[in-house]
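Asker: sequence plus the predicted model coming up.
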Amino acid sequence: MHSAESAPRQGGVQHVEIGADRDGQRVDNALAALLKGVPRSLVYRLVRKGQVRVNGRRVKPDTRLKEGDTLRVPPVRTAEKGHGQPPAGRIRAVEEAIIHEDRHFLVLDKPAGMASHGGSGIDHGAIELLRAARPGDMLELAHRLDRDTSGVLVLARTRQALTGLQACIREGRVTKQYLALLTGRPARARFDVNVPLRKSVMQGGERMVQVAADGKPSLSFFRQVERYADASLMEVTLDTGRTHQIRVHAAHVGHPLAGDSKYGERETNRRFRQWGLGRLFLHASHFAFDLDGRTHAFSSPLPEELRAVLDALPRK
């Protein structure tokens, strides 16, 4: 049996005993750390094919490990490892996006178009780029943002910080706020959306989320910040953090996000392109939590390209 901190050797199946430091960690994150350099797409493929098991049972990528579990790590051919060093320009871009760092956390103002991690045809996400920029540093994603969403993305620099923040997220002790431009004009300036969401993975690997009675509980609080002729800028506070939650909740109430090609309306999006919107209008503006007696709060202003769209929008 191998310690969870020693990377499995290439060539044979390894059985890794989970220690206290990985208690509560997702299976995909544990594998990414153990199989350093292996692309996320391969990690997910190994899980999907049942080659990764916990205590002999098949698992999903988001299955949480417990101290004392036995993780089966399949052999991985060296030829399948990695995608090489990222381009210097992309490494520079991620370094320029750092808005805070201390001993425990590194925080990005992630640009839209940059994935949180590699996989599904993406060689290098924010985590891979930062690891290339900071070789030797311990860096782990504490949460994720969709590729098309900009804003605050928190990474942990110590195992203690990672497990502490993940516990805060699991227990709902994190404040997550977004700025979103909803198409149309909701009838109320404040409203909640409390409908369960179910995530599906399509054949091509694309993720789709639907409102479904058998889905996971999902709650979002919408508060109007600014009103326009055919749009409303809303501050959205999440009570839960499901995949695509704000996008699906907004579409569910009949006001999908501007620029949302997956859950929005094509004609409406075309109209917003005339006002300069070339992306999803969703920005992670604030992320805060208390850990070990200290308050951590990180904020990011609306990017200039989204501010310019608001300036161009008709108000009547």
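Answerer: Received, thanks.
Asker: and residue 177, what helix or strand is that in?
Answerer: Per DSSP states H and E: residue 177 is located in strand 174-183.
Asker: buried stuff in that strand?
Answerer: Under the neighbour-count criterion of 16 or more other Cβ atoms under 10 Å, strand 174-183 has 174, 176, 177, 178, 179, 180, 181, 182, 183 buried. No exception for glycine: its C-beta is placed from N, CA and C like everyone else's.
Asker: following element in sequence after that strand, please.
Answerer: strand 190-194.
Asker: follow-up on the earlier one: what packs against the strand holding residue 177?
Answerer: The contact analysis (3 or more Cβ pairs under 8 Å, 6 or more residues apart in numbering; DSSP states H and E) places strand 174-183 against strand 231-238, helix 245-252, strand 282-291, helix 304-312.
Asker: quick check, central residue of this protein?
Answerer: residue 144 (1.7 Å; Cα atoms, centre = their mean).
Asker: that residue belongs to a strand?
Answerer: No - secondary structure of residue 144 (DSSP: H, G, I helix; E, B strand; the rest coil): coil, not part of a strand.
Asker: returning to that earlier point: and of the helices and strands packed on strand 174-183, who's closest to residue 124?
Answerer: When these are ranked by proximity to residue 124, the top entry is strand 282-291, at 20.4 Å, counting by Cβ to Cβ.
Asker: contacts for the closest one, please.
Answerer: Residues from elsewhere that reach strand 282-291 (Cβ atoms under 8 Å, 6 or more residues apart in numbering): 107, 110, 145-146, 148-154, 161, 164-165, 168, 173-180, 235, 246-247, 257, 260, 295-303, 306.
Asker: hang on, the earlier thing: closest to residue 138 out of the helices and strands packed on strand 174-183?
Answerer: strand 282-291 (17.0 Å).
Asker: can I get that closest one in CSV, CA atoms only?
Answerer: Below are the C-alpha coordinates for strand 282-291, written out as CSV (Å, rounded to 0.1, in the frame of the first residue of the first chain):
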residue,chain,number,x,y,z
LEU,A,282,-21.1,36.5,-16.3
HIS,A,283,-18.4,37.7,-13.9
ALA,A,284,-17.4,36.3,-10.5
SER,A,285,-17.1,39.5,-8.6
HIS,A,286,-16.7,38.4,-5.0
PHE,A,287,-15.5,35.4,-3.0
ALA,A,288,-15.2,35.4,0.8
PHE,A,289,-14.9,32.9,3.6
ASP,A,290,-13.7,32.6,7.2
LEU,A,291,-11.0,30.1,8.0
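Asker: pLDDT (mean, whole number) over the following helix or strand past it?
Answerer: Next in sequence after strand 282-291, counting helices and strands by DSSP H and E, comes strand 294-299. Per-region confidence: strand 294-299 scores 96 on mean pLDDT.
Asker: next: stretch 90-107.
Answerer: 93.
Asker: go through that stretch and flag the buried ones.
Answerer: 90, 91, 93, 94, 97, 104, 105, 106, 107.
Asker: wait, the fourth one sits on residue 127?
Answerer: Meaning residue 94. No - counting by Cβ atoms under 8 Å, residue 94 stays clear of residue 127, with 9.4 Å between them.
Asker: check what pLDDT residue 195 gets.
Answerer: Confidence score, pLDDT, at residue 195: 97.
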